[in-house]
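Visitor: coords please:
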Amino acid sequence: MRQIVTSPSGAGSVAIMGEVAHESTDLLFGAVTVAVDVAAGLVSVQGERIPTTIVERTAEVPLQAYVPIGTRNPGALRLPVGGAREWLRPSRGRLSRRSYRVRARLGSADLLFTPRSPTESRLVRGTSYRGDNELGGFARMTGGAVVVEWSREVSALGATAAAAEPSSGEAAVGYAMAAAFGTGARFSLASLIEGQGTRRRHGDVRGSGHRVSVPGPCFREGRCVGLGLDSPRLPRSAARMIVAPDLPCGLIRTG
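Guide: Numbering: from 1, shown residues only. Below you'll find the predicted structure:
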């Protein structure tokens, strides 16, 4: 049985057993369908003018609830694009935004998918972001739909120029990485809880000798509410506090 729910933007969401597929219209590449089957460990991207692209979980590994495809272990993932297997290397995803980068290689061309805000990631042509090599910005919405805004202009060294247009393969890989790994760096707290041998008791989050708290508007009634997570209760105080401005949502690490 297939169920289609149309969003206010006109995009459709299709549910088929364990698979959820989101249909949208890309301004450059026309109709695009992004399907995610968490149980099967499969993300697929298909469209009118893009190659079919898949991110597939290929090994039995402990699943990470904050990762849409279930793991960021590069040894347990593969990336076929148009039938050809390509190189894929997600970083581990810990506390820094940099750890949420995903690298891919399409033929001989390098791609980088890296957070640019707590909720969005940029697709970059190359191995690092220089300012003039951004192809577009991606956001994975609640429910799994992927929204993209292709860059029109880029800036570097005070100069502005027209942005490079992504190839169909680059676009497909961008959609696939957004759907498989999420966008931005808002999952950092969950990664600490699940990925560093932490224990959940009496509201404490302990790992590697640190305790974690979330200040300001992210912290309400003893719960973290700013990272898009159902996080456990966190302690309000600690003896020593170290501000880490590179962390999403102003996360503060205490020790």
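
Visitor: use CA for all of it now, contacts and neighbours both
Guide: OK.

Visitor: pLDDT below threshold where in the protein?
Guide: 1-17, 186-255 (pLDDT under 70).

Visitor: what helix or strand is Gln46 on?
Guide: strand 42-47 (DSSP states H and E).

Visitor: the helices in this structure, which residues?
Guide: Under the criterion DSSP state H, the chain carries helices at the ranges 168-181, 188-195.

Visitor: before we move on, the earlier item: may I have the strands that pair with the strand holding Gln46, each with its orientation?
Guide: Applying DSSP bridges to the sheet, strand 42-47 is found paired with strand 30-37 (antiparallel), strand 53-57 (antiparallel).

Visitor: could you list the residues in contact with the last one?
Guide: This points to strand 53-57. 40-46, 69-71, 76-83, 172-173, 176-177, 180 (C-alpha atoms under 8 Å, 6 or more residues apart in numbering).

Visitor: need the buried ones from those residues selected in ChimeraX.
Guide: Entered in ChimeraX, the line below selects the buried ones among those, by 16 or more other C-alpha atoms under 10 Å:
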select :41,42,43,44,45,46,69,70,71,77,78,79,80,81,172,173,176,177,180
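
Visitor: hey, what's Val43 bridged with?
Guide: Those that pair with Val43 in a beta bridge, by DSSP bridges, are Val36, Val55.

Visitor: if you skip the residues just before and after it, what's nearest to Arg174?
Guide: One correction, residue 174 is Gly, not Arg. Leu123 (6.4 Å; C-alpha to C-alpha, 6 or more residues apart in numbering).

Visitor: now the one you found: how far from Gly143?
Guide: 21 Å (C-alpha to C-alpha, to the nearest Å).

Visitor: same check on Tyr66?
Guide: 13 Å.

Visitor: for the two, indicate the residue with more neighbours.
Guide: The neighbour comparison of Tyr66 against Gly143 (other C-alpha atoms under 10 Å) goes to Tyr66, with 20 against 9.

Visitor: who does Gly136 bridge with?
Guide: Leu123, Trp150.

Visitor: how far away is it from Thr53?
Guide: For Gly136 relative to Thr53 (C-alpha to C-alpha), the value is 18 Å.

Visitor: so for the two, which sits in the more crowded spot?
Guide: Applying other C-alpha under 10 Å to Gly136 and Thr53 shows that Thr53 carries more neighbours, namely 28 against 23.

Visitor: excluding chain neighbours, what is closest to that one?
Guide: That would be Val81: by C-alpha to C-alpha, 6+ apart, it lies 4.4 Å from Thr53.

Visitor: against Ala145, how distant is Glu23?
Guide: 8 Å.

Visitor: wait, Asn133
Guide: Taken as C-alpha to C-alpha, the span from Asn133 to Ala145 is 25 Å.

Visitor: more neighbours, those two?
Guide: Ala145 (23 against 20).

Visitor: can you name the residues that contact that one?
Guide: Residues near Ala145 by C-alpha under 8 Å, 6+ apart: His22, Val34, Ala179.
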